[in-house]
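# Sequence and predicted model, in that order:
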Protein chains: 2
Amino acid sequence: MEVRRRLAQNEKVEFRSKAVKLKSCSIDSFAWAGVQYPTVACATCELCDLWCQPIRDNPERYNSLEWFKNRRTKIRRGEYLFHAGEPFRSLYALRAGFLKVFFVSQGREHVTGFYMAGELVGLDAIHAARHTCSAVALEDGQVCEVPFEQLEKLCLDLPASQHRLHRFMSREITRHYEMVAELVGKTVEERMAAFLLNLSKRFSEHRYSPTQFQLRMKRDEIGNYLGMTVETVSRTLRKFHAAGLISVRGKQLELLDLDGLHRTANRDELPSASLPKLR
Amino acid sequence: MEVRRRLAQNEKVEFRSKAVKLKSCSIDSFAWAGVQYPTVACATCELCDLWCQPIRDNPERYNSLEWFKNRRTKIRRGEYLFHAGEPFRSLYALRAGFLKVFFVSQGREHVTGFYMAGELVGLDAIHAARHTCSAVALEDGQVCEVPFEQLEKLCLDLPASQHRLHRFMSREITRHYEMVAELVGKTVEERMAAFLLNLSKRFSEHRYSPTQFQLRMKRDEIGNYLGMTVETVSRTLRKFHAAGLISVRGKQLELLDLDGLHRTANRDELPSASLPKLR
DNA sequence: CGGGCCCTTGAGGTGCCTCAAATTTTGTGG
DNA sequence: CCACAAAATTTGAGGCACCTCAAGGGCCCG
């Protein structure tokens, strides 16, 4: 069941070098196997305000403990950050790379989300003190591990951090409300367009190109996420390609007509006459 | 758009008097318009450990503030607890009654959940400090309002409460993962059966009958929750009735064959030969 | 150069939606 | 309490979006 760890030589150069504008941060890149990887700047990482910055600001308080450093770990494509069922210890902030988070129910894999640099994973595991999902790297990357017990202790001292943590968790709830809204009562075209635009938005937030990027996940993983079959994923992408909305070749994707994608994603909002149906 | 407040004379007697076993609690029922309503016992309320009990246990600390009482409010059928877009102030624990929580996106109403006595609503609003959903009472009830700002302050003092709050929020995330898993790639019959069993389980957890209860929500609200149309909801219920799985007359429901419903909910887990298809 | 993934493409079936209308239940006012 | 109006539910017929099944083609890696 375990996806085996793969050496992906050719993946190493795929980081977009222009993407990351480094800000004040202790580490802005990391070296591995002779290659220098840029990472998302700490200042744009979701965890910064909540965890890293308070620790840096209060060295007298946290240095004596083991909190002063957040533990950075490299993760290679195909490696698991955690497996469903494992005891929960830490949240993880992704500094570089791309994660798929999923669980298996009734023989079917359900992808609960794709995560990119700067985002936070693991919040779902708090309840049962056990991971409910598995997280696997879809490309080489780096994560900061945040021991949750210590994060909670820190939050006892720092009301602002506590509140930020609550906002994170709340946002995760809200996101999944929206996710459900995207899934039900929408055509595959609407879902796919919304998915691509969502990726685009997040890439752009993290200073990657909003119109040109790699689909790190496989077609069937997209399908598991969007609730459709591999074949339908393939057909829909192809249809978008034919309509001139995107250019897709393998995993390489370019969004050619953002406006058209938006219209496709929200088709039923608009007066039907204004839009020709995709053939 | 606002559902107007309705006087529901005939709803008053519909509480199942046998249902609630009262435990040690300051208030186990409330009177309204001459009718005594039973409520869920505090001890079975989700909020008890987190909020009420710590306050009761530390009167010296919290009495001086305005925290010592959680504010109980009656809510009548058709009334809104909060509307989407309103500023977020408080979480609400439902002591009696039945809530529908929903939001409207692209002209369609998305029901994010139905809540019954003993459950907690409002966690999604923390992120934006604004309610993302609306909550409307589907029957007369009573809620405890918990000012969130004060809850966070209390959590700064009490690590156990803080952790419980985090577990609540985490559970809400997990629940919605499961919800999505129920929605995608499942037939309407599987979804409906799972829905009925879920209601049954929660009724039973709160000491109501697990097999006989009222569907407080309308057919189209079930449809909005399960991602199907009113017509399909009606047809599916009818099919279950014809198959002897349930007995349904209007909103009154009886589950006749829990085992059969379980099989229907998880049909594709089982070897196909072992189960005759519902006609 | 061959084997294993992964992706694509096609043909056919069907589960559920859409539209429409009958019937029951609920709410309102006399 | 009854009559009427409005809302909710049920039932039917027809269509299509998407799934299923099946096979072909491309790409990567030994």
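Yep, it's here.
# I'd guessed residue A:144 sits against residue A:90; true?
No - look at residue A:144 against residue A:90 with C-beta atoms under 8 Å: they stay out of range, at 9.3 Å. Using the backbone N, CA and C atoms, a C-beta is placed for each residue, glycine as well.
# is it true that residue A:102 touches residue A:134?
Yes - between residue A:102 and residue A:134 there is a contact under C-beta under 8 Å: 6.0 Å.
# hmm, back to that, okay, residue A:144 and residue A:90: which has more neighbours?
When neighbours are counted by other C-beta atoms under 10 Å in any protein chain shown, residue A:144 and residue A:90 differ, and residue A:144 comes out ahead with 24 against 20.
# Just the buried residues of the one helix or strand that one maps to, please?
Element membership for residue A:144, per DSSP states H and E: strand A:134-147. In terms of neighbour count (16 or more other C-beta atoms under 10 Å in any protein chain shown), strand A:134-147 has its buried residues at A:134-147.
# Between strand A:134-147 and the helix or strand following that strand, find me the angle.
Using DSSP H and E, the helix or strand that follows strand A:134-147 towards the C-terminus is helix A:148-157. Relative orientation of helix A:148-157 versus strand A:134-147 (axes from the mean of the first three to the mean of the last three C-alpha atoms, to 10 degrees): 50 degrees.
# At which residues are the strands of the stretch 151-279 of chain A located?
A:212-214, A:246-249, A:252-255 (DSSP state E, counting those that start in this stretch).
# any chance of those in a markdown table, with distance to DNA strand C and mean neighbour count too?
Shown next, in a markdown table, are those (distance: least, C-beta to the nearest atom of the strand, whole Å; neighbours: other C-beta atoms under 10 Å in any protein chain shown):
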| stretch | distance to DNA strand C | mean neighbour count |
| --- | --- | --- |
| strand A:212-214 | 11 | 18 |
| strand A:246-249 | 6 | 16 |
| strand A:252-255 | 10 | 16 |
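# Export those strands as CSV, with columns for mean pLDDT and distance to residue B:187.
Converted to CSV, the strands of the stretch 151-279 of chain A look like this (pLDDT from 0 to 100; distance: least, C-beta to C-beta, whole Å):
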stretch, mean pLDDT, distance to residue B:187
strand A:212-214, 92, 35
strand A:246-249, 95, 31
strand A:252-255, 95, 33
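# can I get the ones you listed in TSV with distance to DNA strand D?
Output for the strands of the stretch 151-279 of chain A, formatted as TSV (distance: least, C-beta to the nearest atom of the strand, whole Å):
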stretch	distance to DNA strand D
strand A:212-214	12
strand A:246-249	8
strand A:252-255	10
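# In contact with the spatially most central residue of chain A, which residues are there?
By C-alpha atoms, centre = their mean, the mean C-alpha position of chain A lies nearest to residue A:115, the distance being 1.0 Å. Neighbour list for residue A:115: A:94, A:98-101, A:121, A:135 [criterion: C-beta atoms under 8 Å, 6 or more residues apart in numbering or on different chains].
# rewinding a little: what's the closest of the strands of the stretch 151-279 of chain A to residue B:54?
Proximity to residue B:54 (C-beta to C-beta) singles out strand A:212-214 among the strands of the stretch 151-279 of chain A, at 48.6 Å.
# Which stretches in chain A count as helices?
Secondary structure of chain A (DSSP state H): helices at A:53-57, A:59-62, A:148-157, A:159-183, A:188-205, A:219-226, A:230-242, A:258-265.
# Can you read off the pLDDT for the closest residue to the residue nearest to the centre of chain A other than its chain neighbours?
With C-beta to C-beta, 6 or more residues apart in numbering or on different chains as the criterion, residue A:115 has its nearest non-adjacent residue at 4.2 Å, and that residue is residue A:99. Predicted confidence (pLDDT) for residue A:99: 95.
# ok, residue A:99 - how many residues close by?
25.
# Could you measure from it over to chain B?
The gap separating residue A:99 from chain B is 16 Å, by C-beta to the nearest C-beta, to the nearest Å.
# Enumerate every residue touching residue A:102.
Residue A:102 is in contact with A:109-112, A:133-134, A:136, A:221, A:224, counting by C-beta under 8 Å, 6+ apart.
# Residue A:157 now?
Taking C-beta under 8 Å, 6+ apart as the criterion, residue A:157 is in contact with residue A:61.
# before we move on, back to that, closest to residue A:73 out of the helices of chain A?
Closest among these, once you apply C-beta to C-beta, is helix A:148-157, at 15.8 Å.
# Where is the longest strand in chain A?
Selection of the longest strand in chain A by residue count, based on DSSP state E, yields strand A:90-105.
# ok, what's across the strand from residue A:109?
Per DSSP bridges, the residues bridged to residue A:109 are residue A:104.
# Show the pLDDT at it.
92.
# was I right about it contacting residue A:223?
No - contact between residue A:109 and residue A:223 fails when scored by C-beta under 8 Å: they sit 9.6 Å apart.
# low-confidence ranges in chain A?
In the predicted model, chain A carries pLDDT under 70 at residues A:1-41, A:43, A:63-70, A:268-279.
# Give me the nearest residue to residue A:191, chain neighbours excluded.
residue A:226 (4.8 Å).
# Kindly report the same for residue A:108.
Spatially, and ignoring its direct neighbours in sequence, residue A:108 is nearest to residue B:185 (6.0 Å; C-beta to C-beta, 6+ apart).
# Could you give the number of residues near that neighbour?
Using other C-beta under 10 Å, residue B:185 is surrounded by 17 other residues.
# is DNA strand C contacted by stretch A:117-137?
No - Stretch A:117-137 is not in contact with DNA strand C by C-beta under 7 Å from any atom of the strand; minimum separation 12.1 Å.
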